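>>> here's my sequence, what's the structure:
(chains A and B)
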Amino acid sequence: GAGVSQSPSNKVTEKGKDVELRCDPISGHTALYWYRQSLGQGLEFLIYFQGNSAPDKSGLPSDRFSAERTGGSVSTLTIQRTQQEDSAVYLCASSLASGWGTRGTGELFFGEGSRLTVL
Amino acid sequence: GQSLEQPSEVTAVEGAIVQINCTYQTSGFYGLSWYQQHDGGAPTFLSYNGLDGLEETGRFSSFLSRSDSYGYLLLQELQMKDSASYFCAGGSGANNLFFGTGTRLTVIP
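So this is what the prediction gives:
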C-alpha cells in the first residue's frame, strides 16, 4: 500500500480479554517498529523487527505482550489478559533501514495507530 | 539505557523563531531525528542529523553536537499550523529508535 496501515483503528475491550493489533508496513520496508503512546505522553518503544526477526524485544512491558512478523511484511501485536493500564494508542512504523550504520535519514513512516481502551 | 530529554511545553508568537532542545544519553548513538505530531495524528518525520552541525530544510533547521550530547530543532517564521508536539529521536546500535519526552509547541497570534 501507499502508507502504513493499522487495524483496528479503535478497539474497546473488557479487562482480561486478549486483543490483536495488525500492522501492514510500506511494501519493501524491512524494518518494522511498535510503539505505545498514552494520552499526552511520548512514544514508548515496544519492539523492533528486521525482516521476520526481532533483535530487540526489550520494550515489551510484560509477558502478556508478544509480537510476530511473517513474510517480512505484516506484523501482529498481541496483548493477552488485557489490563486497564494497557489502554493507549499503539503505533506501528516501518523503515527502509537495514541497520543504523548504513541507513540514510533515520526516517520512520508511521501508521495512524490503533486506539485501545480496556474497560 | 536510553534517555532523551526535552522541555515539556513551549509557547511562541506567530512569525517568531523558536528553538526546541534535546539532550540525550544513548548507547551506540548514530544520529538524531525530529518528528512532528499533531493532536490525534501520526508522527511525521522532519529532519535528521547524522553528523555534527546544522541541517536546514525550509523553515525548519536541526542541529547536533555529539560532544555535548545535545541537539535542537529551530522553527522559523512560525505559523499557527506549527502548533503540535515535537519529538527528538535517537538511533542506537541495536537498530531501534528511541523517542524523547516530547515538547508541546503552542503558537499564538
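
>>> what about the helices in chain B?
Listed in chain order, the helices of chain B (DSSP state H) amount to none at all.

>>> list the contacts of the nearest residue to residue B:55 once chain neighbours are set aside.
Taking Cβ to Cβ, 6 or more residues apart in numbering or on different chains, and ignoring the residues beside it in sequence, residue B:55 has residue B:62 as its nearest neighbour in space, at 5.1 Å. From N, CA and C alone the C-beta is placed, and that goes for glycine too. Residues near residue B:62 by Cβ atoms under 8 Å, 6 or more residues apart in numbering or on different chains: B:32, B:34, B:46, B:47, B:48, B:49, B:54, B:55, B:71, B:72, B:73, B:74.

>>> strands of chain A, start to end?
Along chain A, the stretches classed as strands by DSSP state E are A:5-7, A:10-13, A:19-24, A:31-37, A:43-50, A:53-56, A:65-69, A:75-79, A:88-95, A:109-110, A:114-118.

>>> close to chain A, is the worst-scoring helix or strand of chain B on mean pLDDT?
Averaged element by element with mean pLDDT, DSSP states H and E, chain B has its least confident helix or strand at strand B:97-99 (a mean of 85). Yes - Strand B:97-99 is in contact with chain A by Cβ under 8 Å from any Cβ of the partner chain, via B:97, B:98, B:99.

>>> which one (most neighbours) among those residues?
The most crowded member of those is residue B:97, carrying 27 neighbours; neighbours defined as other Cβ atoms under 10 Å in any protein chain shown.
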